[in-house]
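Visitor: Generate a structure from the sequence data that follows.
(2 chains)
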Number of protein chains: 2
Amino acid sequence: MPLSAESNSVPAPNYLELTRIWSRLYRYNHLASIVGWDRNAMMPPKGNEARAAAEAELNALIHRTRTDPQLTQWLQAAEQEKLDDIARANLREIRRDWRDANALPESLVEAKTLAGARCEHAWRSQRAANDWKGFLSNFREVVKLAREEAQLLADDTGLSRYDALMDRFEPGVRAADIDRIFDDVKQWLPGLISSVQVRQENEQANEPVIVPQGPFAVTAQRALNQEVMTLLGFDFSAGRLDESTHPFSGGVPEDVRLTTRYHEGDFARSLLGTIHETGHARYEQNLPRDWLGQPVGTARSYGLHESQSLSFEMQLARSRPFVGLLAPLLKKHFGDQPAFKPDNLHRLWTRVKPGFIRVDADEVTYPAHVILRYEIERPLVEGDIEPDDIPALWDEKMQSLLGLDTRGNYRDGCLQDVHWTEGAFGYFPSYTLGAMYAAQWFAAMRRTQPGLDAQIAAGDLKPVFEWLRTNIWSQASLWETPELVRRASGEALNPLWFREHLERRYRKNND
Amino acid sequence: MPLSAESNSVPAPNYLELTRIWSRLYRYNHLASIVGWDRNAMMPPKGNEARAAAEAELNALIHRTRTDPQLTQWLQAAEQEKLDDIARANLREIRRDWRDANALPESLVEAKTLAGARCEHAWRSQRAANDWKGFLSNFREVVKLAREEAQLLADDTGLSRYDALMDRFEPGVRAADIDRIFDDVKQWLPGLISSVQVRQENEQANEPVIVPQGPFAVTAQRALNQEVMTLLGFDFSAGRLDESTHPFSGGVPEDVRLTTRYHEGDFARSLLGTIHETGHARYEQNLPRDWLGQPVGTARSYGLHESQSLSFEMQLARSRPFVGLLAPLLKKHFGDQPAFKPDNLHRLWTRVKPGFIRVDADEVTYPAHVILRYEIERPLVEGDIEPDDIPALWDEKMQSLLGLDTRGNYRDGCLQDVHWTEGAFGYFPSYTLGAMYAAQWFAAMRRTQPGLDAQIAAGDLKPVFEWLRTNIWSQASLWETPELVRRASGEALNPLWFREHLERRYRKNND
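Guide: Residues are numbered from 1 along each chain as shown, chains lettered A, B, ... in the order given. Here you go, the predicted model:
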């Protein structure tokens, strides 16, 4: 138990007090996770009001615990105590969590929550009505409060406004890093997209892709998903797969709760979604047991979490070797179809087509959606542009990045995401960071294990899992994100690996 | 909202503070109920340790809240405030809940929990090994602590030891009431049991009962249960049916969670168990909405709760009119069988046979099991007998009440129940009180609605539900149990109605 003060050679009473409080918070958060999962996956509609009251009570309790004035003294005193490296890292994470809860005055948090809820609620119908003007009237207040929030966090951390927001999602990653990476991507991505499209259109003209014929019974889909999760190492004695309208990975590291949604006409959406969530799940299920209950034992960041789900969904599941493993399972659960030939499945699952909607985007065009949002939300938070400027910027960037005309189409343009409506700025980069980390992990794996793809094709996924366990899962929050990346892959985040992955799979048709 | 102090013509600030604390406790208990349900119905095994820690943290929080020293002053002051009748009843229930939490020193609660857990754990293997001597070595400590507990509660309430324990389960019911009732039952029950057995054996010789032939697919059983629950008025938009090893009714009034357990060879166990739990559920689902969140809005007592489950399972479901409603549903879900004829089903579900095991007992012999336990646990708690005396008393009473020889068979005798192992004395009478209340409700219904059985046979259950809603469900904890019984049925608990029910169904074969 390297986290307890007892493991230190010297007593550290203040640090010990802090670990006790954060153990308590861990248990409160356990309750919050389970009832939250229940609300989404199990609760009947009339339970909603009482549940909301119970969850609000718990959240208030968690907030009181994290903002107890006593913590300030313990933190200051603990930082002077002699601690081993793991305890030191844990204290850093306790400080981060404490700052998240204490940096902002409660009045601002409440005002922002209220404005965000109002804006989000109105947005649901405004989006359908393509009503940008109506949206603006609420959104201006959300931006105003988000800037205040960012400024307070910036004052507190010495970072810029946007960096301060992003640090809550990607500890240690800065806008300067993102600029470097996205500027590189912008050089080669549009060219890659168009050449892949040309290749795929020619292919389609010669030999059309065969679409699987449904219906696919939900019971068969469920059995297939469970078998694939088992193949991917999900531990069903420490987790479950259920159903919810919006699939997610919830629960706690000791008991991970995945959800999916079945469509009788299309098994692949649920299957690939489940594989995605299984990546999140394995990270949680394999966090170091000894550290659980303390902040250093939690998953590192949103981008790193996404690197696990995308390692499973994009790097692994859509690769030729893995599709070869899936094909016989489809036959087993649904009966045989010409569409289940591995080559055909691979073509189906790697089709590239620029579109308006981020959440429907393929692996190649997705980064364009993220870059566009980053290039708008960053100056918006910094105060360099105003909400009124967004549509024109959106149109211009969609044109230059994806060649699409979005003028006047707010519904499928700047009104499509929920993030901004609630004032959640600084999160979007995590999606593409995740995709890039995943490519960098697989490149590093292949360097040390040249036979990796043959092993995967033979059904042996252990080398992948062992690499992830050693380099990511077991490290939890011991390091800031950039340090973890260097230790895992031998270098800082390098967009070259993501480019190489896309080139290999989509241009050279060799993955 | 008759519960808020605002509804009083005069301000009642102390009462108002108390209602705020008990609203908070209601929300904490909501969390506890949902994660408890999840543990039993959903949680995979490896989640257990973290869940136990989270639940213990929540229980400690609930305990701190109920024992806050500030409450003492508020209670004393509130009792001097001018309150309307409902608020007055609520304050009485707040006082009861406060006393439950504060009457016992924490050291005793902990010692009793520990001794109970140790005894219960060892009992699991001792029961299988028929090891009474081994059990005694732990059980003596459990009894010693239970006596201390009872004495402290007795000092606090002015009741006898056993009355003080029983008052936590059946507010207002005393051992003197139980004596009066059980003495009456002991006069006629043994004779009834033997005459029913003779009649049923003759019947069986003339025309053997036909046993339904399985397997009965779990999906069909589930659909049947859901249809019967709907027939019984269960609101699926405010509750669920799931599966667990030990079926129970959990959740919260706004979201009731029932569980059952399926056996492919026998659908009736799950069906009748589900009907039983549905009785509990309808009580919870129909507690008065305006009072929810306060103690006066909770179900009255364990015996009254059992009166609802037994109203559904015994009074309703095993009656000829209701069996006539079930028969076509069995056909619909399982296909036709000769065993599904209403007369045959009724004979199957009303078979009487004295046996060793309480939980397997039929409606007629069940009270004998309860009387036996009451007559042992009461003097045990009062200090009139010692743990060593139990087996001889058990043998004697099983012989006189059910004509069974249990000598030396501890496994199926005094070691069969979990209750005593954990020191839960004073609960057993609730089972038979529940059966008697249920018979008294149906007798009262038939007095005011002579056509009741014809209505039930025609599928119209509304008169039953409306009577229960008016007289039981809507009254929640407004009255002490005996007062509620008088208001509902026009008289105190009267074992005559239970006797009449058994005579009619089992001797006259006319129900």
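
Visitor: in stretch A:140-157, what counts as buried?
Guide: By 16 or more other Cβ atoms under 10 Å in any protein chain shown, the buried positions in stretch A:140-157 come out as A:Glu141, A:Val142, A:Val143, A:Leu145, A:Ala146, A:Arg147, A:Glu148, A:Glu149, A:Ala150, A:Leu152, A:Leu153, A:Ala154. From N, CA and C alone the C-beta is placed, and that goes for glycine too.

Visitor: mind listing which of those are in strands?
Guide: Per DSSP state E, strands hold no members of the buried residues of stretch A:140-157.

Visitor: contacting residues around the residue lying closest to A:Val364 once chain neighbours are set aside?
Guide: The shortest distance from A:Val364 to any non-neighbouring residue, by Cβ to Cβ, 6 or more residues apart in numbering or on different chains, is to A:Val352 (4.7 Å). By Cβ atoms under 8 Å, 6 or more residues apart in numbering or on different chains, the residues touching A:Val352 are A:Ile193, A:Val196, A:Gln197, A:Gln200, A:Asp362, A:Glu363, A:Val364, A:Thr365, A:Tyr506.

Visitor: cool, and A:Ser474?
Guide: A:Asn286, A:Leu287, A:Pro288.

Visitor: Tell me how many other residues crowd the first one.
Guide: By the other Cβ atoms under 10 Å in any protein chain shown criterion, the neighbourhood of A:Asn286 contains 19 residues.

Visitor: any idea how far chain B is from the residue lying closest to it once chain neighbours are set aside?
Guide: Take A:Asn286 and drop its neighbours on the chain: the residue closest to it by Cβ to Cβ, 6+ apart is A:Trp473, 3.9 Å away. Look at A:Trp473 and chain B: by Cβ to the nearest Cβ, to the nearest Å, they are 16 Å apart.

Visitor: try A:Leu326
Guide: Counting by Cβ to the nearest Cβ - A:Leu326 and chain B are separated by 25 Å.

Visitor: Next, give phi and psi for that residue.
Guide: Dihedral angles of A:Leu326 (phi, psi; degrees, to the nearest 10) stand at phi -70, psi -40.

Visitor: For it, give me the pLDDT.
Guide: With respect to pLDDT, A:Leu326 has a value of 98.

Visitor: hang on, the earlier thing: got a list of what the residue nearest to A:Asn286 touches?
Guide: By Cβ under 8 Å, 6+ apart, the contact set of A:Trp473 is A:Arg282, A:Tyr283, A:Asn286, A:Leu287, A:Pro288.

Visitor: In strands, which of these fall?
Guide: Secondary structure from DSSP E places none of the contacts of A:Trp473 in strands.

Visitor: so where's the stretch 101-250 of chain A uncertain?
Guide: Low-confidence segments of the stretch 101-250 of chain A, defined by pLDDT under 70, are absent.

Visitor: near chain B, which residues of it show up?
Guide: A:Asp235, A:Phe236, A:Ser237, A:Ala238, A:Gly239, A:Arg240 (Cβ under 8 Å from any Cβ of the partner chain).

Visitor: just the stretch 251-400 of chain A next, same as before
Guide: Close to chain B, as judged by Cβ under 8 Å from any Cβ, the stretch 251-400 of chain A has residues A:Val252, A:Pro253, A:Glu254, A:Asp255, A:Leu292.

Visitor: let's see it at 6 Å
Guide: Within the stretch 251-400 of chain A, the residues that sit near chain B (Cβ under 6 Å from any Cβ of the partner chain) are A:Val252, A:Glu254, A:Asp255.

Visitor: Neighbours of the closest residue to A:Arg282 other than its chain neighbours, how many?
Guide: Of all residues not flanking A:Arg282 in the chain, A:Gly233 sits nearest, at 5.9 Å (Cβ to Cβ, 6+ apart). Neighbours of A:Gly233 under the rule other Cβ under 10 Å: 18.

Visitor: What residues does the residue nearest to the spatial centre of chain A make contact with?
Guide: In chain A, the centroid-proximal residue (Cα atoms, centre = their mean) is A:Glu306; its distance is 3.7 Å. Counting by Cβ atoms under 6 Å, 6 or more residues apart in numbering or on different chains, A:Glu306 touches A:Ser430, A:Gly434.

Visitor: so where do the strands sit in the stretch 401-511 of chain A?
Guide: For the stretch 401-511 of chain A, applying DSSP state E, counting those that start in this stretch gives no strands.

Visitor: go on, chain A?
Guide: Under the criterion DSSP E, strands of chain A are mapped to A:239-243, A:249-252, A:255-260.

Visitor: Buried deepest among those, which one?
Guide: strand A:255-260 (a mean of 26; mean count of other Cβ atoms under 10 Å in any protein chain shown).

Visitor: looking only at pLDDT, what's the mean for that strand?
Guide: 98.

Visitor: That one vs strand A:239-243, what angle?
Guide: 30 degrees (axes from the mean of the first three to the mean of the last three Cα atoms, to 10 degrees).

Visitor: and strand A:255-260, how far from the chain's centre?
Guide: Its chain's C-alpha centre and that of strand A:255-260 lie 15 Å apart, by Cα atoms, centre = their mean, to the nearest Å.

Visitor: can you check stretch A:155-166 too?
Guide: Worked out by Cα atoms, centre = their mean, stretch A:155-166 lies 21 Å from the chain centre.

Visitor: Stretch A:99-113 too?
Guide: Computed by Cα atoms, centre = their mean, the chain-centroid distance of stretch A:99-113 equals 24 Å.

Visitor: Straight-line length of it, end to end?
Guide: One end of stretch A:99-113 to the other measures 18 Å (Cα to Cα, to the nearest Å).

Visitor: For it, buried residues please.
Guide: Within stretch A:99-113, the residues that qualify as buried are A:Arg99, A:Ala101, A:Asn102, A:Ala103, A:Leu104, A:Ala111, A:Lys112, counting by 16+ other Cβ under 10 Å.
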